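*Asks:* Structure for this input, please:
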Amino acid sequence: MDAYVYNADLYCADCGRDIIANLRELGGKPDPDGDSEQWPQGTYSNGGGESDTPCHCGAGAECLNAIEVDGHWVGAFLENPLTDEGREYVKSKAREELTELVKLWCEFYDIDAFAYSGPVTFSGKFGGQDVKGDVVNPGECFGRTWLIYVEDCFDQPLFVVEADDPCEAEEAFLADSDLASMVRIDEVDLPDFDPEELHYDSDGNPVNTESIQIHGPFACRYHAKGLPDTGVDPLTFDRYEEK
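*Replies:* Presented below is the predicted three-dimensional model:
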């Protein structure tokens, strides 16, 4: 993308021409010495040339080609080439948090910094204590998370399930046969339950849902190999791709 240099900043071609038009209306004239502090200089191809960071139009939210990312408007992405330091900068930002803006950079510069692999786990606080465990269905309900555990288990493991409400969270928990086995009713114990009130897992086995405890919505962070070291907000997990 072509760019102008003006007042120690870069502007997209449309904004650069707009600045020139405004200066002319005020009686301004191009500086004979090519001083970019006095008059926009350009245009320059490749977004003004190689840089240590991705460059955006200096007009910011007022840019004629502004783009909306992460809930606010920023100047047009000038698509400038990066130095080696610039590529490392983008990678470091992706490790911190893969915002929409950082993902835009990664995709343009072909930087593989938004893929994860392996199981997804969570960390958070429950009852004033730091807790962690496995995420049953990451990314399946737009990051709306519920904490689930089986009350009668010794040293019960904790799980996070994505669902719209507690009922759907329970259904997702029981849809996993390994997890459902934790609350499955042994045949010898069936006489202790009212047949008309029995619930069943996805395999048709009777389960004791009264022992399933669900809390939420539950605030947590997701973790997996390839995700930022500090984890990610479940609400932004869908920005990442599984390897």
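*Asks:* So for the longest strand along the chain, mean pLDDT?
*Replies:* Determined from DSSP state E, the single longest strand within the chain is strand 115-126. Averaged across strand 115-126, the pLDDT comes to 93.
*Asks:* Quick one: list the elements packing against that strand.
*Replies:* Counting contacts by 3 or more Cβ pairs under 8 Å, 6 or more residues apart in numbering; DSSP states H and E, strand 115-126 packs against strand 129-135, strand 145-150, strand 220-225, strand 241-242. All C-beta atoms are positioned from the backbone trio N, CA, C, and that covers glycine.
*Asks:* CA-only coordinates of the first one, as CSV, when you get a sec.
*Replies:* These are the backbone C-alpha positions of strand 129-135, laid out as CSV (Å, rounded to 0.1, in the frame of the first residue of the first chain):
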residue,chain,number,x,y,z
GLN,A,129,-8.5,-21.2,45.9
ASP,A,130,-6.5,-21.6,42.6
VAL,A,131,-8.0,-24.4,40.6
LYS,A,132,-7.2,-26.1,37.3
GLY,A,133,-8.4,-29.0,35.2
ASP,A,134,-9.5,-30.1,31.8
VAL,A,135,-11.8,-28.3,29.4
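*Asks:* Work out the gap between that strand and the centre of the chain.
*Replies:* Relative to the chain's own centre, strand 129-135 is displaced by 20 Å; criterion: Cα atoms, centre = their mean, to the nearest Å.
*Asks:* Show me the shaky parts of this structure.
*Replies:* By pLDDT under 70, the low-scoring segments of the chain are 153-154.
*Asks:* Can you give me the domain boundaries for it?
*Replies:* As recorded under automatic domain parsing, the domains making up the chain are 3-108, 116-237.
*Asks:* Could you export these as a markdown table, including distance to residue 243 and mean neighbour count?
*Replies:* Listed next are the domains of the chain as a markdown table, based on distance: least, Cβ to Cβ, whole Å; neighbours: other Cβ atoms under 10 Å:
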| stretch | distance to residue 243 | mean neighbour count |
| --- | --- | --- |
| domain 3-108 | 14 | 16 |
| domain 116-237 | 4 | 16 |
